[in-house]
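Undergrad: Let me see the structure of the following:
(chains A and B)
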Amino acid sequence: MSTVEGSHFEPARRISVNGWVVALIFLPPALLLFTVFVALPMVEAAWYSFYNWDGYGRPERFVGLKNYGYVFANPVFARALINNGLVIAVSLLVQLPLALAVALAVARRVTWAVWFRTIFFLPYVLADVGAGLIWRYMFDGDYGLAAAIAAGLGTQPVYLLASKDWAFAAVLIVIVWKYFGFYMMLYVAGLQNIDKSLLEAAEMDGAGRWQRFRYITLPLLGPMIRLSIFFSVVGSLQLFDFVVPLTGGGPFDTTHTMVSFLYYFGITRMRVGFGSAVGVALFVICVAFAFGYRRAFMRDD
Amino acid sequence: MNIRRYALGAACVLALAVPAFADTNVTILHVNEVAAAKTLWDKIAADYNAAHPGVHVQFKYLENEAFKAKLPTMLQSDDRPDLFYSWAGGVMLAQDKAGLLKDVTADLADVEATMSPTAVNAFKVDGKAVGVPFEMGEVAFYYNKKLFAQAGVKAEDIKSWDDFLGAVKTLKAAGITPIVVGAGEKWPMAFFYDYLVVRIGGETALADAKAGKNGGFKNATFVEAGKRLHELGALDAFQPGYLQTSHAQSAGVFGDGKAAMDLMGPWLLGMQAPNSASGKGLPEDDIGILAFPTMPGGKGKATDTMGGVNGFLVTKSAPAAAVDFLKFFSQKKYADEAAATGAYIPVVKGADTAITDPLQRRLASDLAASTYHQNYFDQDLGPSVGRVINDISVAAAAGQMTPEAAAAALQEAADQQ
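TA: Modelled structure (predicted):
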C-alpha cells in the first residue's frame, strides 16, 4: 500500500521505472536488428580488410595492412576520391544555391508555384538507375538526344560519356538535375515556416529586398541550410547508383566514386579483403565528417 | 519361400526408396539468354521428370552479373543449387579449392568419352572431373559481305595481321567504320588482346605468364600484343565513341550495317537483329566469318582458337539424381537438337553434323580442326586478374596506357592476388 502511495507522490521516479520497462520491451528488437544488420557487418568488414580473401571458404591469408596499402596506392582510388570531392563541391556551390533560388521563386502558395514545385521535384522521385539509363540515352552520340542535336546543328556527333575529360562533367549534370528538387523542397518548407510579420516589419523599417533576404530570411533558414549541407555531403560520399548505368566507371576508370570503386574493384573482382579496406576507409571519412560537422555547425539545431 | 522373401524384401526396399526419392529436387542455375537453348533445356528437364517420377529437375535463370555476384554466397549457404553454369577457368578452381564442388570423375567417365577432349579437360582440376561441358564457342571476326564488297576488300585474302591492317585502311578510306567494339564493357576489347597473345606467344603464353616464367606478364609477348592492339587503335579502326558503347549496342551497330567487322562469339548471330535500330538486322547470307589473322614470326598457329567452354558444375551436396540428370542431359540426341535449332555448338562428338546454320557450321569445323583452344583470358585467370586484362586491353588500344605499362599492370594484379 505504502509503495503505491509512494509512487503516486513521486511521478519522476514512476516515469523512470516505466521508462525502464519500455526500454526492456522495445529496445531488444531494435538493438538486435541494429547489431545483426549494422554493427556486425561493420566489424566483419574491418576484420576481412586484413585478409587476402576471394570470398570462398574462410579468410585465412592474413596480410596485415597490405590491402590498405594497395587501396591508397591505386590511381583509380585517388581519382575516385577527387571525383567525390568534385561532387561535394558542385553540390555545395551549384546545387544548393540553385535549389535556394528556385525555392524563393516557388515558395508562395499560389497554383503555378505548386505546379513548378512538383515539376522540379519529379526527378528526385524517379529511381536512380532509371534516371541513369535515361541520361545514358540522352548523351548517346549515335541514337540519343545528343545525336539529334548534333544532326540538327549539322555538326559531328559528340560522345560525352566516351570522353575521359567530359564524362564526369556529364555525371555531375545529372546529379544536379536529380537532387536539386529535394533541397528545393527542404528550403520551401523552411521558407514557409518563417513568420511573415518579421518580413513585413522589416519592410516598414525600410529594408530592401536584399536586406530582408540577407538579414531575415537567410538566418531563419539557417537550420535548414545546415541540414541540407549535411545531407548533401553524406549523399555525395555515398554516390553509386548513377555511375553504374551511366558510365560504369569508364572511360579508363575516370568516373568512379569511392562506392563504385568498391563495387567494381572489390566485389566484381572477388577481392573481398581489398573491397572491405575501401569500405572501412569510406566509413571513417563519413563518420569523421558526420561527427565533425554536427559538432561544429549543428549544435543548436 | 526364398523367392517370396526376396520379393518381399525388394518390395520393402522399393517402398522405402520411392518416397525417399520422391522428395528429390534438382536445381540448376544458369545465365543462358539464348531462347532456343532455354526452350531445349526446359524440354530436357520435362523429359527427365516424366521418366523419373518423384524427381523434379528445374532450370533457373539468373542475369549474368547477378549470377556472378550472388554465386559465392549461395554456394556457401544451404540454398545452393545442385548444378550451376560455369565458364571453367580460375573461378572454378577457386570454387574447387574451397571444397564446394563434387568429384564426379567416376560417375561421368562414360559421358566424357563421347565429348571433345578439349572441352572435357576444361572441367578438370588436376585430373579430377568436377563438371560436364555442353558447349564450346569460337571468337572470330563476323564481317558484312556487302560493306567488304563496297570497299573492294576480299575476306579470303586476309591471312596475316598486315593483311588485316591493310583491309582496315581500305575500309576506312571507303568511308566505312572498319570494326565495331563494345568497349564500354571492356571484355569485347580483351578478345583482341587475348587473340594477339595466343598468336604471338602460342599455346604456352598464358600458362607461362601465370607461372611467372620469363618475367611473368611483363614478358615480350604481352608487351608486343599491347603494341599491336595500339597499332590497330591508332588507325581509328573502331566506331566513334567506342569507349562508351555497350556490348548490346555494338551488336546493333553491326546489325544496322554501320560497321564492317565485329570480333565476337557465336551469340552475336542471335543478338545483331534484336539490337539493331531496324529490328531486322543483317540477313545471314550477308554475314561472313573470318578467323583472327596470324602474326608474322608468332608461335601461334592460324588454327589455334580462342573462345568459351561452358558447362555445368556439380556442388558438393548434390543428390545422385543431379549427376544422373547430367548423364541424361549429355545424350547425343539432345546435343543434335541443340545443333539443329542453333541453340549452341555442342561438345558431343558427331553432333556438329546436325548443325544447319552455315555460319555455326563453319565455327564448328574450326573448333573440330582446332590445334589449341584457349579459354577467354578473363575466365581463365579468374575475376581479379581477369578484369585487369579487360581494363588494360581498352587502355592499350586507346593509347591511354603504354604496352609496357599495361603488361606491368597485369603483373601487379597477379602479384596482389
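
Undergrad: For A:Phe34, the count of nearby residues, please.
TA: Neighbourhood size, A:Phe34 [other C-beta atoms under 10 Å in any protein chain shown]: 12. (Glycine included, C-beta is placed from N, CA and C.)

Undergrad: next helix or strand past whichever strand or helix holds it?
TA: In this structure, A:Phe34 sits in helix A:11-34 according to DSSP states H and E. Going down the chain from helix A:11-34, the next helix or strand is helix A:40-48, by DSSP H and E.

Undergrad: Name all residues that make contact with the nearest residue to A:Val71 once chain neighbours are set aside.
TA: Once flanking residues are discounted, A:Val71 sits nearest to A:Ala277: 5.0 Å by C-beta to C-beta, 6 or more residues apart in numbering or on different chains. By C-beta atoms under 8 Å, 6 or more residues apart in numbering or on different chains, A:Ala277 lies in contact with A:49, A:67-68, A:70-71.

Undergrad: do B:Pro293 as well
TA: B:Pro293 touches B:158-161, B:163-164, B:199, counting by C-beta under 8 Å, 6+ apart.

Undergrad: Could you check how far the residue in the stretch 51-200 of chain B that chain A sits nearest to is from A:Gly55?
TA: Residue nearest to chain A within the stretch 51-200 of chain B (C-beta to the nearest C-beta): B:Ala98, separated by 3.5 Å. For B:Ala98, the distance to A:Gly55 (C-beta to C-beta, to the nearest Å) stands at 9 Å.

Undergrad: cool, A:Tyr183 as well?
TA: Distance, A:Tyr183 to A:Gly55, by C-beta to C-beta: 39 Å.

Undergrad: Who has more neighbours out of the two?
TA: Remark: of A:Tyr183 and A:Gly55, A:Tyr183 carries more neighbours, 26 against 20, as counted by other C-beta under 10 Å.

Undergrad: wait, what's in contact with that one?
TA: Counting by C-beta under 8 Å, 6+ apart, A:Tyr183 touches A:95-96, A:99-100, A:103, A:228, A:231-232.

Undergrad: Contact partners for B:Ser278?
TA: B:Ser278 makes contacts with B:255-256, as judged by C-beta under 8 Å, 6+ apart.

Undergrad: ok so it is a strand residue?
TA: No - judged by DSSP: H, G, I helix; E, B strand; the rest coil, B:Ser278 forms no part of a strand; its state is coil.

Undergrad: per-residue confidence at the residue lying closest to B:Glu337 once chain neighbours are set aside?
TA: Once flanking residues are discounted, B:Glu337 sits nearest to B:Leu40: 5.9 Å by C-beta to C-beta, 6+ apart. Residue-level confidence at B:Leu40 comes out at 96, pLDDT.

Undergrad: quick one: B:Phe325 and B:Val57 touch, right?
TA: Yes - under the criterion of C-beta atoms under 8 Å, B:Phe325 is in contact with B:Val57, at a separation of 5.3 Å.

Undergrad: and for those two, which residues touch both?
TA: B:26, B:45, B:48.

Undergrad: Closest one of those residues to A:Tyr293?
TA: B:Val26 (55.0 Å; C-beta to C-beta).

Undergrad: Which strand residues bridge the closest one?
TA: Following DSSP bridges, B:Val26 is listed with bridge partners B:Val57.

Undergrad: so how far is stretch B:393-407 from its chain's centroid?
TA: On the basis of C-alpha atoms, centre = their mean, to the nearest Å, stretch B:393-407 sits 25 Å off its chain's mean C-alpha point.

Undergrad: Can you give me the buried ones in it?
TA: Within stretch B:393-407, the residues that qualify as buried are B:393-398, B:400-401, B:403, B:406-407, counting by 16 or more other C-beta atoms under 10 Å in any protein chain shown.

Undergrad: would you turn those residues into JSON lines with pLDDT, secondary structure and distance to chain A?
TA: Below are these laid out as JSON lines (pLDDT from 0 to 100; DSSP: H, G, I helix; E, B strand; the rest coil; distance: C-beta to the nearest C-beta, whole Å):
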{"residue": "B:Ser393", "pLDDT": "97", "secondary structure": "helix", "distance to chain A": "12"}
{"residue": "B:Val394", "pLDDT": "96", "secondary structure": "helix", "distance to chain A": "7"}
{"residue": "B:Ala395", "pLDDT": "95", "secondary structure": "helix", "distance to chain A": "6"}
{"residue": "B:Ala396", "pLDDT": "96", "secondary structure": "helix", "distance to chain A": "11"}
{"residue": "B:Ala397", "pLDDT": "96", "secondary structure": "helix", "distance to chain A": "11"}
{"residue": "B:Ala398", "pLDDT": "95", "secondary structure": "coil", "distance to chain A": "7"}
{"residue": "B:Gln400", "pLDDT": "93", "secondary structure": "coil", "distance to chain A": "5"}
{"residue": "B:Met401", "pLDDT": "95", "secondary structure": "coil", "distance to chain A": "8"}
{"residue": "B:Pro403", "pLDDT": "96", "secondary structure": "helix", "distance to chain A": "16"}
{"residue": "B:Ala406", "pLDDT": "96", "secondary structure": "helix", "distance to chain A": "12"}
{"residue": "B:Ala407", "pLDDT": "96", "secondary structure": "helix", "distance to chain A": "17"}
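
Undergrad: Show me what from the stretch 1-150 of chain B comes close to chain A.
TA: B:65, B:68-69, B:72-73, B:75-76, B:91, B:94-95, B:97-100 (C-beta under 8 Å from any C-beta of the partner chain).

Undergrad: so which two of those residues are the farthest from each other?
TA: Applying C-beta to C-beta across the residues of the stretch 1-150 of chain B next to chain A, the maximum distance is between B:Glu65 and B:Gly99, 25.7 Å.

Undergrad: rewinding a little: out of the contacts of A:Ala277, who's nearest chain B?
TA: A:Tyr70 (5.9 Å).

Undergrad: how many other residues sit next to the closest one?
TA: Quick note: A:Tyr70 (other C-beta under 10 Å) scores 20 neighbours.

Undergrad: which secondary structure elements does the strand or helix carrying it contact?
TA: Using DSSP H and E, A:Tyr70 maps to helix A:66-73. If you count contacts as 3 or more C-beta pairs under 8 Å, 6 or more residues apart in numbering or on different chains; DSSP states H and E, helix A:66-73 packs onto strand A:51-52, helix A:272-297.
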